[in-house]
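Asks: Predicted model follows, preceded by the sequence.
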Amino acid sequence: MVKNTSSIVRRSVLAFLLIFTVMSFSACTNEDEMAEYAMMGDWRIVEVSFLSGYDCPYRSGDRVSFYEDRTVEFYGSGGFREYGVWRIIDTGYTHELHISFDNYNTDIVADMSRFSGDYARLDVTDYYYDSRYTLRLVRW
């Protein structure tokens with residue numbers, strides 16, 4: 001009788017842990033998907049604050065489009081264009097925007113701790129230009 005009770009308890013605990021683990025992973029995925037959905041669309045850069053490094057290729061007035069297929073396009077003055085892929089990663093306390101222009105290396109990592117539906121302040125680490133800067137964007 002004791003053997004059957006401990007077996008039932010053990011199975012119940014394992015079932016609970018399995019359900020908890022599945023729920024935990026699905027909650028993170030939903031948050032990431034919601035953040036990505038919120039980022040999709042057209043944005044205008046309204047302010048650039050250069051912090052350190054060599055260069056920032058973006059200027060106030062440039063446009064950025066984040067597409068559902070996870071591609072991104074930057075449109076700048078003088079015909080400046082950049083194309084890449086993007087994704088949002090949950091760091092545990094905030095979200096980070098990752099952009100790759102060669103579809104392999106992460107060229108830009110931007111902290112998204114100040115993000116709402118129509119406004120984003122992106123604190124950028126730009127590995128391509130070896131620079132740090134802040135981009136303020138508004139939905140266009």
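Replies: Yep, it's here. Numbers count the residues shown, from 1 in each chain.
Asks: Val64: neighbour count?
Replies: When neighbours are defined as other Cβ atoms under 10 Å, Val64 has 24 of them. Using the backbone N, CA and C atoms, a C-beta is placed for each residue, glycine as well.
Asks: Can you give me the distance of the nearest residue to it once chain neighbours are set aside to Gly92?
Replies: Excluding its sequence neighbours, the residue lying closest to Val64 (Cβ to Cβ, 6 or more residues apart in numbering) is Trp43, at 4.7 Å. Distance check for Trp43 against Gly92: by Cβ to Cβ, to the nearest Å, it reads 25 Å.
Asks: Next: Tyr127.
Replies: Distance from Tyr127 to Gly92, by Cβ to Cβ: 22 Å.
Asks: Ala120 now?
Replies: Ala120 sits at a distance of 20 Å from Gly92 (criterion: Cβ to Cβ).
Asks: Output the helix or strand containing Phe50 as CSV - backbone C-alpha positions only.
Replies: Element membership of Phe50, judged by DSSP states H and E, is strand 41-53. Extracted in CSV, the C-alpha atoms of strand 41-53 (Å, rounded to 0.1, in the frame of the first residue of the first chain):
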residue,chain,number,x,y,z
GLY,A,41,5.6,48.3,-39.5
ASP,A,42,7.2,51.6,-40.6
TRP,A,43,9.2,53.9,-38.2
ARG,A,44,10.9,57.2,-38.5
ILE,A,45,14.1,58.0,-36.7
VAL,A,46,13.5,61.3,-34.9
GLU,A,47,16.7,61.6,-32.9
VAL,A,48,20.2,60.0,-32.9
SER,A,49,22.5,60.3,-29.8
PHE,A,50,26.0,59.2,-30.5
LEU,A,51,27.6,57.7,-27.4
SER,A,52,31.0,56.2,-28.5
GLY,A,53,32.9,54.6,-31.3
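Asks: Please name every helix or strand in contact with it.
Replies: Judged by 3 or more Cβ pairs under 8 Å, 6 or more residues apart in numbering; DSSP states H and E, the packing partners of strand 41-53 are strand 63-66, strand 131-139.
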